[in-house]
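K.L.:
coordinates for the following, if possible.
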Amino acid sequence: MQQQISVITLGIADLNRSRRFYVNGFGWAPVFENDHIIFYQMNGFVLGTFLKTALESDMNRHGLLQPGAFSLAHNVTGKDEVEPLMDRLAEAGGAILRAADAPAHGGFRGYVADPDDHAWEIAWNPAWTIDERGLVTFGV
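P.N.:
Numbers count the residues shown, from 1 in each chain. Next up, the predicted model:
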């Protein structure tokens with residue numbers, strides 16, 4: 001079976017607040033939005049931000065916990081891009097969880113929470129390549 005992810009959907013409390021973070025912070029453009037969900041076309045998959053109550057109804061599950069035991073990552077092509085992006089995300093409604101630093105395994109990274117407390121690692125890894133389409137290749 002092909003290893004791929006089609007859609008990642010995050011439960012959120014407020015569409016406008018979330019939109020500000022992703023549009024003004026990351027600079028992403030929605031490809032679809034209505035009163036419950038916003039979709040962003042990514043590099044090979046779609047990211048959705050779905051009102052948590054609507055997501056719970058859609059899943060037929062209630063009491064979804066936030067924050068979850070996961071983080072999402074946005075890799076950049078240079079070390080000097082990490083901190084300015086983290087600052088822009090904080091200005092767009094996010095919160096710095098961990099200031100950027102160099103982990104023992106190499107590279108440079110920090111963590112920012114979106115307005116709904118979803119953790120984003122903003123990272124540069126010199127061993128990973130990012131092509132012109134934004135596709136990341138592990139360890140090349």
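
K.L.:
scan the protein for its longest helix.
P.N.:
helix 82-91 (DSSP state H).

K.L.:
elements contacting that helix?
P.N.:
strand 95-101, strand 108-113, strand 119-124 (3 or more C-beta pairs under 8 Å, 6 or more residues apart in numbering; DSSP states H and E). C-betas here are computed from N, CA, C, even on glycine.

K.L.:
how close does residue 55 get to residue 9?
P.N.:
Distance, residue 55 to residue 9, by C-beta to C-beta, to the nearest Å: 6 Å.

K.L.:
repeat for residue 33
P.N.:
Relative to residue 9, and taking C-beta to C-beta, residue 33 is found at 14 Å.

K.L.:
mean pLDDT added to the helices and strands packed on helix 82-91, as a markdown table?
P.N.:
What follows is the helices and strands packed on helix 82-91, written out as a markdown table (pLDDT from 0 to 100):
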| stretch | mean pLDDT |
| --- | --- |
| strand 95-101 | 98 |
| strand 108-113 | 98 |
| strand 119-124 | 98 |
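
K.L.:
now mean neighbour count and distance to residue 69 too, for those strands, in JSON lines please.
P.N.:
JSON lines is the format used below for those (neighbours: other C-beta atoms under 10 Å; distance: least, C-beta to C-beta, whole Å):
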{"stretch": "strand 95-101", "mean neighbour count": "14", "distance to residue 69": "14"}
{"stretch": "strand 108-113", "mean neighbour count": "21", "distance to residue 69": "14"}
{"stretch": "strand 119-124", "mean neighbour count": "20", "distance to residue 69": "10"}
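
K.L.:
quick one: closest of these to residue 27.
P.N.:
strand 119-124 (13.1 Å; C-beta to C-beta).

K.L.:
distance from that closest one to the middle of the chain?
P.N.:
Centre-to-centre, strand 119-124 and its host chain are 8 Å apart (C-alpha atoms, centre = their mean, to the nearest Å).

K.L.:
same thing with stretch 71-90?
P.N.:
Counting by C-alpha atoms, centre = their mean, stretch 71-90 comes out at 11 Å from the chain centroid.
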